[in-house]
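J.: sequence plus the predicted model coming up.
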Amino acid sequence: MKSKPLHIKLDQKQEELKSELDMQDDVVFKQIFIPGYEVSGLFVFVNGTMDYRSFNEIVLDLSAAQVETRHRVSIEQLVISKICSVREQDVETYETAKEHIFDGKTLLFIDGMVKGYVLNLVKEKNRTFGEPSTERVVRGPKMGFIESLQENIGLIRQYSNHPSLIVQQQKFGTMEKREVALIYYEGKASDSLLKEVNKRINEVKATDLQDSGMLEELIEDTALTPFPQIQNTERPDKVLAALQEGRVVIMVDGSPFALMAPTTITMLLQSPDDYYERWVAGSFLRIIRYLSLFVTVFLSGIYISLVSFNPGLLPSELAMTIAGTRENVPFPPFVEAIIMEVTIELLREAGIRLPSPIGQTVGLVGGVIIGQAAVQANIVSSLMVIIVSITTITSFTVPQYSFGLAFRALRFGAMIFAAVLGLYGTTLFFIIVISHLSKLTSFKEPYFQPMDFIGKKTWKDAFLRLPKRKKGGDSFGPVRRQNS
Amino acid sequence: MGQSEGKILSGELAAIISCSMLGIGMLTLPRTLTEKIHSTDGWIVLILTGIAITLLLCLLVVLLKKHKVADYYTYMEEAYGKWLSKLIGLVVVVYFIGVASFEVLAMSEMVRFYLLEETPVEIVILSMILASVHLLTGKIKAIAKACVFFLPLTIVIVLLIYLFSLRIVELRNLQPVLAKGFLPVMKGMGSGTLSFFGIELFIFLFGVVKNQNKIKSGVLIGFSIPLILYVITYVLVVATLTVPEVEAVTLPTISFVQSFEVTGIFLERMELFLLITWILQFFLTHAIYFYFAAEGMTKIFSNSYTTNLIVLVPVVFLLAKIPKDITGILKMSDLLGYLFPVILIGLPIITFVIVQLKRSRRSG
């Protein structure tokens, strides 16, 4: 049966195809008669993948064809000229014919001719471009990527028309083939980076991907870390900025999230509107973000260690107040903190999964009512509720969701260290996190680069966002990241 | 470009040197200096010692550069031959292990005294050693990054604390300057070597710096940051606590910070911040010496770096358990204090002379 050549007779073809596609109820066979030539044709396609409007046009065109007496054209020439706009290639065997049918293409067979024509009448099912829901900005483009790779690439090409923008596509997967595109600026992305990216992509080519998140996990440097080593975004402006910086963008068909590599911590803490707003506001927000990261991870830990190990280090009045609020609470600070933090994490998770109107209710009921009731029932102290609320709010300020998740998880580590070793434990945890970050790489480039904060040229854009001088045209050389 | 290359920038070199110097030395410095000279002129001693060491550093950089030293252990092999150089290298490694243990021990004492009275010291020591092993698997580049991150944090916090302390500082206590003449100052020159531990490491870092032309500035900046902090600390501490009290307490810098309260902000006790930043600095000093010990062993025995790290964990831990009390700790620091000038001055100059002789004989 393998690569059986097509029959000449139309009836035989139909018989053969029908018997082979016996179980597929959504494969449609449509006969057409071309009166001018007195031959019949056969369209084969999968119902629902095709654009009926353009199909109708072709059918009308073909059935209206008349034999010109002066310049005789053969039926083959006629069909080719009518379908030239959508014709892709020809098939010779049943095997390839089947492949094309299930690829969403339409096949046209003419009686008396061996080969069949593959028509691309595919209608992609897409949603329209909308505002990216995971990365909102106040000011800046409101367009986000959608699930179609070709549309997304088109969007990038629309804004970046430089010829050295390279788009390389390859097929991934075994069962379902999916297009994966590698996008970069030739000359800006360093050769070593491209080599590394290509190597890693080729290693995982035989994987079925549903989303770019699956690819991310396969090509990242190490799995043993809570931190995302590849940045993802729904925003074309972020992708364009990344391309300008000499980074590589990877997009998967069917996923609105583009992957950008390599990544550093400073990149994950930047939001595009830092650059769209005035520099004072941008710098201010950036400092707030760094601060809130610290608060997210360490505030509960510091509270636990101060209250349970070293209340003497607090100002005496504050210590009295804390002791007052904890007077009737039967649990040690660690248990108290864990109860509240876990509750908040549960509420947050529940709020995401539920439809949005109910989700908000859950947040309200959980946050306000449970917190209030827990304090009144003397299960937790009111100060603990305040601290947990602060850490929850601060954890939302991270522009990259997956990065924020990492810090939410780390908070529990800090709390455990604080419960066991007090302030020393909290400091130790800080040391461990920084050590871990120092060792981490993203595509062999450093992930955490504190030299950026004090480096001669880079400090203006690392911790702060200071105004940029007018640039006299970018040089088109490879982008060298400072101090790496 | 990549992280695995393992080359460091001159700025990172400066940060490593600063962080390896800032350790126990800064906390004990006012006492060790004052004990020796019994007056408030320790800051003059510090400045003079600083100038002397700066000149020495310039000389050493010139010497090492002249011979294009990429790796100090192979350089020593050229001078002393295979087996003698291995023996000397082993002594150096033992010194590194000693300092690493000493720093972690000093830190555990500080933590026990101020933060965790009931927790066994062993847990503190072991957790710190394991944390540094975690950092050290990233080799010199990871250490450099941690130093670059922690150093500005330390400087800013320490200077802020000092700023708050200005209200209680009585600079009049420092007067009269040179009341006992210049002689005790000269005598005090050699004391306080503990505070300068760490500067010798640049000899071993020589080969890994990316920009060889900037080594000198890197080393000098790395040296001057702690030196300036030392002078400020000494002046503030001695001016506030006066000579007899400084001689009486073990860690005068912490006692000084404890002596005042800042009202009006969230936390009025500043020692909290000093303790936390100093745990960071103890960690870095410990980790850096630990790294050089493991790296030295790798060079001498030519085995795997990771094995050495693991082997050194119990060694450092047991060594930190030997001194039983505060006098034992001080004895340990004295012992290391004898080795320090040998490794900083004696070894490189002797090695230079021998290599110079050998090379000139070969060419001549």
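T.: Good, I have the coordinates.
J.: okay, now the unreliable bits of chain B?
T.: B:1-5, B:264-267, B:364 (pLDDT under 70).
J.: how about the residues of chain A near chain B?
T.: Within chain A, the positions near chain B by Cβ under 8 Å from any Cβ of the partner chain are A:190, A:192, A:309-310, A:313-315, A:318, A:421-424, A:427-428, A:430-432, A:434-439, A:441, A:444-446, A:448-451, A:453-455, A:480-481, A:483-484. (Each C-beta comes from the backbone N, C-alpha and C, glycine too.)
J.: can you flag which of these belong to strands?
T.: A:Thr441, A:Glu445, A:Pro446 (DSSP state E).
J.: show me what the first one is bridged to.
T.: Yep, that's A:Thr441 we're talking about. Judged by DSSP bridges, the bridge partners of A:Thr441 are A:Pro446.
J.: hmm, back to that, just the buried ones out of the residues of chain A next to chain B, please.
T.: Neighbour-count burial (16 or more other Cβ atoms under 10 Å in any protein chain shown) is assigned, among the residues of chain A next to chain B, to A:190, A:309-310, A:313-315, A:421-424, A:427-428, A:430-432, A:434-439, A:441, A:445-446, A:448-451, A:453-455, A:481, A:483-484.
J.: A:Leu42 against A:Val28, yeah?
T.: No. Assessed by Cβ atoms under 8 Å, A:Leu42 is found out of contact with A:Val28, at 10.7 Å.
J.: quick one: which of those two has more around it?
T.: Neighbours were counted for A:Leu42 and for A:Val28 using other Cβ atoms under 10 Å in any protein chain shown; A:Leu42 has more, 19 against 15.
J.: next up, phi/psi of residue 205, please.
T.: You didn't pick a chain, so chain A it is. With angles defined as degrees, to the nearest 10, A:Lys205 sits at phi -60, psi -30.
J.: which one among the ones in strands among the residues of chain A next to chain B gets closest to B:Val315?
T.: The closest of those to B:Val315 turns out to be A:Thr441 (Cβ to Cβ; 30.0 Å).
J.: give the contact list for A:Met143.
T.: Contacts for A:Met143 (Cβ atoms under 8 Å, 6 or more residues apart in numbering or on different chains) come out as A:Phe129, A:Gly130, A:Glu131, A:Pro132, A:Leu155, A:Arg235, A:Pro236.
J.: surely the second one is in a helix?
T.: What that stands for is A:Gly130. No. Secondary structure of A:Gly130 (DSSP: H, G, I helix; E, B strand; the rest coil): coil, not part of a helix.
J.: let me see the confidence value for it.
T.: Note for A:Gly130: predicted pLDDT of 86.
J.: SS state for the closest residue to it other than its chain neighbours?
T.: Nearest non-adjacent residue to A:Gly130, counting by Cβ to Cβ, 6 or more residues apart in numbering or on different chains: A:Gly144, 6.1 Å away. Of the three states, A:Gly144 takes coil according to three-state DSSP.
J.: residues contacting A:Gly144?
T.: When contacts are counted by Cβ under 8 Å, 6+ apart, A:Gly144 touches A:Phe129, A:Gly130, A:Glu131, A:Pro132, A:Ser133, A:Glu135, A:Glu234, A:Arg235, A:Pro236, A:Pro256.
J.: burial measure for A:Val39, as a count.
T.: A:Val39 has 17 neighbours, counted by other Cβ under 10 Å.
J.: name whatever forms a beta bridge with it.
T.: A:Ile34.
J.: might you report the residue contacts of it?
T.: Going by Cβ under 8 Å, 6+ apart, A:Val39 touches A:Phe33, A:Ile75, A:Ile110, A:Asp111, A:Gly112.
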